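Student: Here is a sequence with its predicted model. Questions after.
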Amino acid sequence: MTAETWTDRLFGGFRKTSERLTGNLSGIVSKTRLDDEQLDRIEDALILSDLGPRAAARIRERLAAERFERGLDDMAIREAVASEIAAILRPVAKPLEIVAFPRPQVILVIGVNGSGKTTTIAKLAHLFQEQDYGVMLAAGDTFRAAAIGQLKVWADRLGIPIVSGAEGGDPAGIVFDAVKLATERGIDTLIVDTAGRLQNKRELMDELAKVRRVLGRLNPAAPHDVVLVLDATNGQNALQQIETFKEVAGVTGLIMTKLDGTARGGVLVAAAEQYGLPIHAIGVGEKIDDLRPFDPDVVAKVIAGVGR
Ligand SMILES: Nc1nc2c(ncn2[C@@H]2O[C@H](COP(=O)(O)OP(=O)(O)OP(=O)(O)O)[C@@H](O)[C@H]2O)c(=O)[nH]1
């Protein structure tokens, strides 16, 4: 790893998001209290920056109630916004922890194709390896041969076992074999890839229900986590995906990827405010260590362009 820290990477990755927000927020000066017109402009700026109407209204309300004794310039407004964003992110920033007993902790990973699901599984596996946990993968996305192949390549690179089958195979069967093997080997966590066919809700629902049934037979507490991977570049569509997957899959937490290189990173705040689901980690690049749990205060500052 280079001398670049994770915080540096966050500032770099979120640059477009923070430029959008600070651009939208600029020029709204005030004396000691924000008037309605200024509050309207701040609210609009937040909505235009993908933070969503609910978070925007909440931040507006808090700012309206505040008295700024020393007056407000652009930076003071950004600082005030950053502190409100932090208040929204703090309750949901929760790393994925391996706590299941008996082991393994079974983590189902869901998300539409192209969201970064496979890469995120590899990155998660790497994070757990760094914490000395034994990790196994299961290639439950049997819909596409490429998905199985890609996951195998990652397992190989990371030196971790993987259970997979043929294209078109039964995901529930693969998951069953994987849980049995992981239990026998005393593996701490089994990360399961699943098919991301959102176009066909019924089929996806049936498939996940079957996986759950089979898992439940081996371990009634499994799956312990159902993690939805979201691509931040999808902006408001990512929120729609939360809605749908919550309904079909009982999502327990989120991971947002591709926050680097997009101006739409504000959607992280919208997701936190609207759904209150734990956000386990964020992805800011394609490298194996580009996914981490996040510090809400740092990310809030990064989004609002405070501190650099
Ligand atoms: N810039 C950036 N790219 C990412 C990130 N996470 C994943 N990617 C890239 O996104 C692309 C899709 O990722 P995959 O992991 O293949 O996604 P998937 O959801 O499994 O999608 P398919 O395999 O295409 O169905 C790959 O080129 C990844 O390298 C991220 O945080 N930032």
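Tutor: Alright, I've got the coordinates. Numbering: from 1, shown residues only.

Student: contacts and neighbour counts: CA atoms only from here.
Tutor: OK.

Student: Can you give the contact residues for the helix or strand containing Val106?
Tutor: Using DSSP states H and E, Val106 sits in strand 105-110. Identification of contacts with strand 105-110 by Cα atoms under 8 Å, 6 or more residues apart in numbering yields 98-99, 117, 121, 179, 188-196, 222-229.

Student: List only those of those residues flagged as buried.
Tutor: When the contacts of strand 105-110 are checked for burial by 16 or more other Cα atoms under 10 Å, the buried set is 98, 117, 121, 179, 188-196, 222-229.

Student: Spell out the secondary structure type for the residue nearest to Glu43 when sequence neighbours are not counted.
Tutor: Closest residue to Glu43 apart from its sequence neighbours, by Cα to Cα, 6 or more residues apart in numbering: Ala56 at 5.2 Å. With DSSP: H, G, I helix; E, B strand; the rest coil as the basis, Ala56 sits in helix.

Student: Can you tell me how far Ala56 is from the ligand?
Tutor: 25 Å (Cα to the nearest ligand atom, to the nearest Å).

Student: ok, now Leu51?
Tutor: Applying Cα to the nearest ligand atom, the value for Leu51 to the ligand is 19 Å.

Student: Identify the residues contacting that residue.
Tutor: With Cα under 8 Å, 6+ apart, Leu51 has these contacts: Gly266, Val267, Leu268, Val269, Ala270.

Student: Gly12 now?
Tutor: Applying Cα under 8 Å, 6+ apart, we find Gly12 in contact with Asp260.

Student: and the host helix or strand of it, which residues are buried?
Tutor: Assigned by DSSP H and E, Gly12 falls within helix 6-13. By 16+ other Cα under 10 Å, the buried positions in helix 6-13 come out as Leu10, Phe11, Gly13.

Student: Restricting to the contacts of strand 105-110, which residues neighbour the ligand?
Tutor: With Cα under 6 Å from any ligand atom as the criterion, those include Lys117 near the ligand.

Student: Filter the contacts of strand 105-110 down to the ones in strands?
Tutor: Among the contacts of strand 105-110, the ones falling in strands (DSSP state E) are Thr189, Leu190, Ile191, Val192, Asp193, Thr194, Asp225, Val226, Val227, Leu228, Val229.

Student: Just to check, the third one is in contact with Gly134?
Tutor: Read that as Ile191. No: in this structure Ile191 lies outside contact range of Gly134 using Cα atoms under 8 Å: 11.0 Å.

Student: hang on, the earlier thing: off-centre distance for the strand holding Val106?
Tutor: 14 Å (Cα atoms, centre = their mean, to the nearest Å).

Student: Spell out the residue ranges of the strands in this protein.
Tutor: Assigned by DSSP E, the strands in the chain fall at 105-110, 135-140, 162-163, 189-194, 225-231, 253-257, 279-283, 291-292.

Student: strands paired with the last one, and their directions?
Tutor: As defined by DSSP bridges, the strand partners of strand 291-292 come to strand 279-283 (antiparallel).

Student: List the contacts of the partner strand.
Tutor: By Cα under 8 Å, 6+ apart, strand 279-283 touches 92-96, 120, 253-260, 272, 290-294.

Student: what do you get for stretch 217-225?
Tutor: With Cα under 8 Å, 6+ apart, stretch 217-225 has contacts from 100, 105-108, 176, 179-180, 212, 215-216, 251-253.
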